[in-house]
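*Asks:* Sequence plus the predicted model coming up.
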Amino acid sequence: MFYDWFKRLTDFFGAFLLLILFSPVIFVTCIAIKLTSSGPVFADTPKRVGKGGKLFYPYKFRSMVENAHKLMQTDPKFKKLYKKYQKGSFKSPEDDPRITRVGSVIRRYSVDEVPQFLNVLKREMSIVGPRPYYPDELAFQQKRYPTTRELVTETLKVKPGITGFWQVSGRSEINFDKRIEMDAYYARKRSALLDVLILLKTPFAMISGKGAV
C-alpha cells in the first residue's frame, strides 16, 4: 500500500534529518536545563498508550521540577492543582508552580517534544498522528465522556504522533471529547495528503505557541 510505504519513509528519514537539523537547539536546551534546575535532562513522566494499547516511554526534555508528576499525585500541597489538571483535559495550567523558567519557554514552542524523534526511529511513534495519552487519562476521560469509548478504540489503531490534526487545531485549548473526535477522524481518514497538510501547518503552531501548556 502506497500510504504505508510513504509513512515508513517519511518517519525514518524525517526523524533522522530533523534530529540533525535541531541538534543546535537540542544542545542549548540540554545545557539550559542543567544550569537552571536540578534533575535529569529528560522528563521522568509515566509511560503513555501507543498503538494497540501498548505502553511506551515518550522522550521529552524536562520542563518541570524533578519527579513533577509523582509530586502532583502524592504531595498534599498539589491537591488542588491535580484536580485542576484533571478538569483541564490532563494539561498543566500556565500557572503550574512545577514548571521551571526554561521549561515555560520550551513548552510554549514545543521544544520539549523534539526528543520524541527518537521514539519515531524506534517505531513507537510517527511524525504525524494522534498525541499519546496517559493510561489514567484515558480511564478518567472515558468515565467523564462515556460516548468517547469507540473513538478511543479507533484512535489506538494507529501510532501516536509528534504532530497531528489536534495539535495544529488549537492544541491544549480543545477539551478531551473534541480532541479524541479529531484523533479518531485522523485514524479513519489518514492519507499522504492529510499528513502533508498537517506538516505544513505545524511550524506555525510551534512558532505561535497557541494553546501550548
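*Replies:* Looks like it arrived, so ask away.

*Asks:* So for the longest helix out of those in the chain, what gets flagged as buried?
*Replies:* Secondary structure of the chain read by DSSP state H shows that its longest helix is helix 2-21. By neighbour count on 16 or more other C-beta atoms under 10 Å, the buried set for helix 2-21 is 7, 10-11, 14-15, 19. Yep, even glycine has a C-beta here, placed from its N, CA and C like the rest.

*Asks:* right, and the helix or strand after it?
*Replies:* Once helix 2-21 ends, the next helix or strand along the chain (criterion: DSSP states H and E) is helix 23-36.

*Asks:* which helices and strands does that next one pack with?
*Replies:* Under the contact criterion of 3 or more C-beta pairs under 8 Å, 6 or more residues apart in numbering; DSSP states H and E, helix 23-36 touches helix 101-108.

*Asks:* mind listing the helices in the protein by residue range?
*Replies:* Counting by DSSP H, the helices of the chain are 2-21, 23-36, 68-74, 79-87, 101-108, 117-121, 135-144, 149-155, 176-189, 192-208.

*Asks:* Worst mean pLDDT among those?
*Replies:* Mean pLDDT is lowest for helix 79-87 among these, at a mean of 76.

*Asks:* can you list contacts of that one?
*Replies:* Helix 79-87 is contacted from outside by 72-73, 91-93, 96-98, 140, using C-beta atoms under 8 Å, 6 or more residues apart in numbering.

*Asks:* Give me the phi and psi angles of the residue positioned nearest the centre of the chain.
*Replies:* When C-alpha atoms, centre = their mean is applied to the chain, the residue found nearest the centroid is Arg131 (5.0 Å). Per-residue torsions, Arg131: phi -70, psi 140 (degrees, to the nearest 10).

*Asks:* Send over the longest helix of the chain as PDB, restricted to the C-alpha atoms.
*Replies:* Provided in PDB are the C-alpha atoms of helix 2-21 (Å, rounded to 0.1, in the frame of the first residue of the first chain):
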ATOM      1  CA  PHE A   2       1.400   3.400  -1.000                       C
ATOM      2  CA  TYR A   3       0.500   5.200   2.200                       C
ATOM      3  CA  ASP A   4       2.200   2.600   4.400                       C
ATOM      4  CA  TRP A   5       5.500   3.000   2.400                       C
ATOM      5  CA  PHE A   6       5.100   6.800   2.400                       C
ATOM      6  CA  LYS A   7       4.600   6.700   6.200                       C
ATOM      7  CA  ARG A   8       7.700   4.500   6.900                       C
ATOM      8  CA  LEU A   9      10.000   6.500   4.600                       C
ATOM      9  CA  THR A  10       8.900   9.900   5.900                       C
ATOM     10  CA  ASP A  11       9.100   8.700   9.500                       C
ATOM     11  CA  PHE A  12      12.600   7.300   9.200                       C
ATOM     12  CA  PHE A  13      14.200   9.900   7.000                       C
ATOM     13  CA  GLY A  14      12.200  12.800   8.500                       C
ATOM     14  CA  ALA A  15      13.100  11.900  12.100                       C
ATOM     15  CA  PHE A  16      16.800  11.400  11.200                       C
ATOM     16  CA  LEU A  17      17.100  14.700   9.300                       C
ATOM     17  CA  LEU A  18      15.200  16.700  11.900                       C
ATOM     18  CA  LEU A  19      17.300  15.400  14.800                       C
ATOM     19  CA  ILE A  20      20.400  16.700  12.800                       C
ATOM     20  CA  LEU A  21      18.600  20.000  12.000                       C
END
